[in-house]
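J.: Let me see the structure of the following:
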Amino acid sequence: QVQLVESGGGLVQAGGSLRLSCAASGRTFSGYVLGWFRQAPGKEREFVAAIRWSYINTSYADSVKGRFTISRDNAKNTVYLQMNSLRPEDTGVYYCAARISGYSDYENLKRYNYWGQGTQVTVSS
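T.: From the prediction side, this is the model:
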């Protein structure tokens, strides 16, 4: 059974940094895409970033390009999201998700089969 467990969220001032981690277990993830999504209060869940497990392909939402970096450690079965220059609008619950690769629409949350419970990120102004 696939499990995704996020950690690393917290409260940070605008301009600060956080690193989120997603520990993945339950299967071999080669051939998968791991993504990060976020949901602010009263808003829909939105795509943040994604990475292919076996290749270097990454994808980012325009709103985070140049500030966030997604990476993985295959030996630890962990995906990271380094978030720099945080803004109040980055506040929300951040979710890790996994899906089989084969489609290039990484931002499409409907294609993701597995989700973590989320970790709260709050950026104060």
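
J.: Mind listing the residues bridging to the spatially most central residue of the chain?
T.: The geometric centre of the chain, computed from its C-alpha atoms, lies nearest to Trp36 (C-alpha atoms, centre = their mean), at 2.0 Å. Counting by DSSP bridges, Trp36 is bridged to Ala49, Cys96.

J.: can you tell me which residues contact it?
T.: Neighbouring residues of Trp36 by C-beta atoms under 8 Å, 6 or more residues apart in numbering: Leu20, Cys22, Val48, Ala49, Ala50, Ile70, Val79, Leu81, Tyr94, Tyr95, Cys96, Ala97. For every residue, glycine as well, the C-beta is placed using N, CA and C.

J.: repeat for Arg19
T.: Gly8, Tyr80, Leu81, Gln82, Met83.

J.: got it, and Phe37?
T.: Taking C-beta under 8 Å, 6+ apart, one finds Arg45, Glu46, Phe47, Val48, Tyr94, Tyr95, Ala97, Leu109, Tyr112 in contact with Phe37.

J.: Looks like the fifth one contacts Val48 (just checking).
T.: Okay, so that is Tyr94. Yes: at 7.2 Å, Tyr94 counts as touching Val48 under the criterion of C-beta atoms under 8 Å.

J.: Next, show the common contact partners of the two.
T.: With C-beta under 8 Å, 6+ apart, Tyr94 and Val48 have common neighbours Trp36, Phe37, Arg38, Leu81.

J.: Take those and write them to JSON lines, including pLDDT and distance to Val12.
T.: JSON lines is the format used below for these (pLDDT from 0 to 100; distance: C-beta to C-beta, whole Å):
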{"residue": "Trp36", "pLDDT": "98", "distance to Val12": "17"}
{"residue": "Phe37", "pLDDT": "98", "distance to Val12": "19"}
{"residue": "Arg38", "pLDDT": "98", "distance to Val12": "14"}
{"residue": "Leu81", "pLDDT": "98", "distance to Val12": "14"}
